[in-house]
Structures are given as C-alpha cells and as structure tokens.
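# sequence and predicted structure are below.
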Amino acid sequence: MVPTMADLELTDDVPPEADDGVWLTCIECGETFAPFDAIRYTCDDCDGLLEVRYADLPTFDEFEGRGVWRYNAALPFEEGVTLPEGDTPLHRVPRLEDDVGVDALRVKHEGMNPTGSFKDRGMTVGVRVAQEVGVDRLACASTGNTSAALAAYGARGGMETLVLLPAGKVAAGKIAQASLHGARILEVDGNFDQCLDIVQDLAARGEAYLLNSLNPFRLEGQKTIGLEIMESFHADHGEYPDRIVLPVGNAGNTAALYKCFRELVKAGAITEDQVPKLTGVQAEGAAPMVEAIEEGAEDTTRWDEVETRATAIRIGNPVNAPKALPGIRATGGTAVAVSDKEITAAQRDLAGEGVGVEPASAASVAGLRKLRREGEVDGSESVVCLTTGHLLKDPDAAAEAGAEPEPVPNDTDAILDIIDDGSSSVGKSVRRQAGKVADSPSLPALVAGGLGLAYLYRKLRSKR
Ligand SMILES: *Cc1c(COP(=O)(O)O)cnc(C)c1O
Ligand SMILES: [Zn+2]
C-alpha cells in the first residue's frame with residue numbers, strides 16, 4: 001500500500017466530545033469534535049475532511065427492516081426524513097457477464113431510488129442532521145442528481161432548498177425534478193467545481209446548510225450501498241464479491257464504500273481479505289482521480305477544463321479524494337478512464353439486459369470491460385458494477401444512444417409492409433408472442449415510463 005497522510009484507522013478511544021457514542025474526527029490532523037454542537041463541514045484546525053466515528057460498530061446480525069434505515073445500527077440516528085430509499089435491486093446480467101468474461105457479474109442499480117439516484121441515501125441522513133442542528137435552508141452545488149435529491153428530501157422535511165447548477169450542463173430530468181420539488185435553482189455561468197466553491201462560501205457565511213458530499217453525514221447514508229451489496233451478493237452467491245466497480249465524480253461513494261468496509265472489518269463482520277477491490281471509473285475528459293492513482297499522488301490536481309457526455313461525473317476537483325484514494329489503494333483496486341464512446345456502448349449493453357441507466361452509470365461497465373480487456377481484471381473474478389442513476393434522468397442522452405422512431409402511415413397494412421421489410425424475424429417472433437399476456441409492470445413503473453416516453457416523444461419530434 002502506498003503511504004498516505006490521511007488517518008483513516010478506526011481506533012477504540014472514545015473522545016470526550018462524543019455524543020451518544022458518535023463524534024467527528026479530522027482525517028488529516030486527528031482532532032475530534034462533537035457531532036451536532038455546531039455546524040462544521042471540515043476541521044476547525046486544519047480544514048481537513050471530517051469523518052463520522054462510532055463507539056460501537058455493528059455486525060450483520062444487528063440489522064433489521066429494509067432500505068437505508070435497516071442499517072441504523074451503523075448510522076448516527078434511528079430514523080430520518082425518508083421516502084423511503086435504498087433496498088435497490090442487484091441485477092443478474094447473464095449475457096453481459098458472458099460477454100465481459102468474468103465469473104459473476106451483478107449490477108447494483110441505484111437508479112431505483114425514489115428520485116432515481118443513490119444521492120437519496122445520503123440525503124435521508126443529511127436532512128435528518130439538518131433538523132438536528134436546527135437549520136431551515138439547505139443548499140448544494142450539483143451536476144443534477146444531488147439537486148433532485150436535495151429538493152425532494154428538503155420538501156419532505158419542510159425546508160427551503162437552494163441549488164447551484166452549471167448552466168447548460170445538467171440533464172433535463174434532473175432540473176425538472178429540482179424544479180417541481182420546489183428548489184430555488186441558480187444556474188451559474190461556470191462548471192460544477194466553481195458552483196461548489198460558491199456554495200461552500202455561502203455555507204461558511206452561515207447562509208445555508210451544505211449538503212454536498214463534503215458533508216460527512218451524507219457519506220454515512222451512502223455507505224449503506226456497501227452493506228446492501230455485501231448482504232445481497234452473499235445471499236445470492238455464498239461469498240462476497242471480489243471487486244466493486246463504480247463511476248467517480250466527487251469520489252463520495254468511493255470514500256463511503258471504503259468506510260463501510262473499514263467498519264465491517266473493525267466490527268469483525270468480515271476479514272480484511274473479504275474486502276472487495278474498489279475500482280473507480282472516470283470519463284477521459286474528467287479524470288483527475290485516475291491521474292492521481294497512476295502518479296501515486298496523495299491528492300488530485302484540479303482539472304480546470306472538463307468535458308464528457310456523462311454530465312453527472314463532469315468534475316475536475318473531487319473533494320473526497322483524500323478519503324477515496326487510500327481506499328482504492330488499500331483494497332487493491334485501481335482507477336481507469338473510459339471514452340464517451342465506450343460509455344455509450346455500455347449504456348446500450350445494460351439497456352439490452354433491461355437495465356436502463358444514465359451515461360455516468362454506464363461508465364462502471366465500460367471501465368470493467370476495459371480492465372478485463374487489458375488483463376487488469378481476471379476472468380475468475382466476481383464483480384459488482386454500481387449503476388448510479390436512472391435512464392430517465394437524461395432522456396436526451398438515451399434518445400441519442402437508442403433507436404430512431406420511424407414515421408409510418410396511419411394504416412395497418414402499410415405498417416405491416418414496413419415492419420416485415422428488413423426485420424422479418426423480429427416481426428415474426430413478436431407476432432408469436434402477441435397472444436400471450438406480458439407480466440404487468442407496477443403502477444409507479446408505468447407512470448414513470450409513461451412520463452418518460454411522452455417526454456422522449458416530444459423531444460424527438462422537436463428535433464425534426
Ligand atoms: C453523483 C453521481 C456520481 C458521482 O458520485 P461521487 O460519489 O461524487 O463520486 C456518479 N453517477 C451519478 C449518476 C451521480 O449522480
Ligand atoms: Zn484537522
């Protein structure tokens with residue numbers, strides 16, 4: 001393991017500042033703080049990142065119920081502002097598994113959370129903390145999904161929400177959500193990293209409570225992704241996965257998963273060699289984490305210019321890098337950059353298995369493919385790819401990656417001629433199935449699907 005300045009070791013000493021067995025520790029200088037006595041996002045002394053620490057860490061048999069709050073024994077509160085979130089599917093993808101060439105491949109689809117991304121897991125805890133410290137205005141900078149989650153959870157908790165977005169670089173579905181859930185949306189003429197600089201200023205001046213992943217409590221909610229993966233993969237497969245591959249933006253999830261595994265090891269729930277290799281994927285146009293891993297650096301160097309169609313990870317200054325880089329290294333993982341073309345191909349691959357994801361999410365599968373091709377990932381490995389957001393988040397990207405609708409006359413025979421022409425085998429098999437009744441999808445799925453389709457239809461028409 002490459003040495004690191006960050007102090008991420010979990011110790012047994014409970015500091016006097018602990019409140020009910022919970023406190024904050026600076027990962028740079030080791031200073032400890034009471035968790036809720038004041039609002040702070042970084043260390044008072046050295047401005048280092050803070051981490052939530054606990055006097056008692058649970059093992060798997062202490063969890064009960066469903067969703068994020070199933071894991072409340074590993075969280076600072078019994079319950080939070082909930083919609084509810086978590087309990088997302090761990091899909092089998094047999095064709096993709098074969099094609100990629102690994103022993104087992106599962107897809108943890110975080111797009112199935114209430115607002116369509118994993119950000120909900122962080123917000124259910126973060127908004128609960130906001131209540132605890134007594135604030136009424138919440139704020140974030142966002143590439144889109146954080147703003148949708150903040151708007152929904154803020155609305156649920158009866159709080160005012162303010163979101164700063166990079167103008168012109170946020171997918172349509174995400175803005176629509178933030179807007180309808182009542183957030184005040186400020187579009188900044190700048191990129192995400194600049195939005196985050198400003199919202200940190202606002203938070204430092206006491207104007208709003210910051211709910212970006214710099215806030216250590218957000219990561220507590222997000223570490224439940226790791227707990228769910230470990231429990232469901234083990235139930236399905238009889239062992240833990242060798243590797244978890246995930247897209248990296250601000251590296252909050254990477255940091256949260258590493259914390260999850262450090263806590264499980266410390267609690268004695270798993271051994272050190274059962275910890276999955278954390279493997280981060282970035283887009284080639286925004287890859288400061290990959291650069292830091294390749295150069296053996298302790299922190300990332302900010303990229304001022306970033307570009308990728310995976311707008312959710314269009315980030316040049318990953319704030320959680322000091323927590324995430326040691327995690328990638330200590331678990332024996334790696335980081336890899338993929339092209340937008342590879343991301344689109346992976347988005348189609350997943351869609352072909354019925355799993356609809358936004359571009360950033362598909363980066364995980366694109367990265368796994370690349371590492372497998374390069375021999376970095378062995379064919380004997382069992383792998384979980386994290387897909388972070390739903391297809392409908394970015395309808396424009398989906399429509400561009402998918403098939404074009406064909407204009408046809410309003411006439412059955414003419415339509416039959418057209419569909420028999422060129423694609424007759426598909427036509428026949430569809431006709432053979434026609435008598436059978438398909439499994440009925442759930443009502444929310446129908447409503448979401450219907451809304452999405454209507455939206456896509458309008459978009460496609462307006463393109464012509
Ligand atoms: C926020 C987000 C990411 C990046 O996650 P980090 O924890 O910031 O690394 C990736 N994909 C999607 C869809 C997201 O919304
Ligand atoms: Zn410090």
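Arrived safely, thanks for sending. Keep in mind the model is a prediction, meaning the values are calculated, not measured. Numbering: from 1, shown residues only. Ligands and ions are numbered 1, 2, ... in the order given.

# by contact count, what packs against the helix or strand hosting residue 262?
In the assignment (DSSP states H and E), residue 262 maps to helix 252-267. Judged by 3 or more CB pairs under 8 Å, 6 or more residues apart in numbering; DSSP states H and E, the packing partners of helix 252-267 are helix 216-222, helix 224-237, strand 243-247, strand 277-283, helix 321-330. Quick note: C-beta positions are derived from backbone N, CA and C, even for glycine.

# try it again at 6 Å.
Packing contacts for helix 252-267, counted by 3 or more CB pairs under 6 Å, 6 or more residues apart in numbering; DSSP states H and E, involve helix 216-222, strand 277-283, helix 321-330.

# now do the longest one: which elements does it pack against?
By that I understand helix 321-330. helix 252-267, strand 277-283.

# describe which strands the last one pairs with in its sheet and in which direction.
When you say that, I think you mean strand 277-283. strand 243-247 (parallel), strand 335-338 (parallel) (DSSP bridges).

# list the contacts of residue 33.
Applying CB atoms under 6 Å, 6 or more residues apart in numbering, we find residue 33 in contact with 17, 24.

# show me what contacts the closest residue in space to residue 397 that isn't next to it in sequence?
Leaving out its chain neighbours, the residue that sits closest to residue 397 by CB to CB, 6 or more residues apart in numbering is residue 359, at 5.1 Å. Contacts for residue 359 were tallied using CB under 6 Å, 6+ apart; they are 309-310, 343, 347, 397.

# helices - which of those residues land there?
The helices, defined by DSSP state H, take in 343, 347, 397 from those.

# isn't the first one right next to residue 360, touching?
No - here residue 343 does not reach residue 360: they are 7.9 Å apart, not a contact under CB atoms under 6 Å.

# pull up the overlap in contacts between those two.
Common neighbours of residue 343 and residue 360 (CB under 6 Å, 6+ apart) are residue 310.

# more neighbours: which of those two?
residue 360 (33 against 28; other CB atoms under 10 Å).

# point out the most buried one among the helices and strands packed on helix 321-330.
strand 277-283 (a mean of 28; mean count of other CB atoms under 10 Å).

# is residue 415 located within a helix, as I assumed?
Yes - judged by DSSP: H, G, I helix; E, B strand; the rest coil, residue 415 forms part of a helix.

# what about the residue nearest to it when sequence neighbours are not counted, how many neighbours?
Distance criterion CB to CB, 6+ apart; nearest residue to residue 415, sequence neighbours excluded, is residue 408 at 5.2 Å. The burial count assigned to residue 408 is 11, neighbours taken as other CB under 10 Å.

# which phi and psi does residue 408 have?
Main-chain dihedrals, residue 408, degrees, to the nearest 10: phi -130, psi 160.

# my guess is it meets residue 416, correct?
No - with contact defined as CB under 6 Å, residue 408 does not reach residue 416; the gap is 10.1 Å.

# if I look at residue 108, how far off is residue 384?
Between residue 108 and residue 384 the distance is 6 Å, computed by CB to CB, to the nearest Å.

# equivalent analysis for residue 332, please.
15 Å.

# compare those two (neighbour count), which wins?
Shown here are residue 332 and residue 384; by other CB under 10 Å, residue 384 has more neighbours (27 against 15).

# surely that one meets residue 229?
Yes - contact criterion CB under 6 Å: residue 384 and residue 229 qualify, at 5.5 Å.

# residue 210 touches residue 203, doesn't it?
Yes - in terms of CB under 6 Å, residue 210 counts as a neighbour of residue 203; the distance is 3.8 Å.

# who in this structure is up against ligand 2?
Contact residues, the chain versus ligand 2 (CB under 5 Å from the ion): 26, 28-29, 31, 43, 45-46, 48.

# among those residues, who's most crowded?
residue 26 (22 neighbours).

# surely it is in contact with residue 48?
Yes - using CB under 6 Å as the test, residue 26 is close enough to residue 48 to be in contact (4.5 Å).
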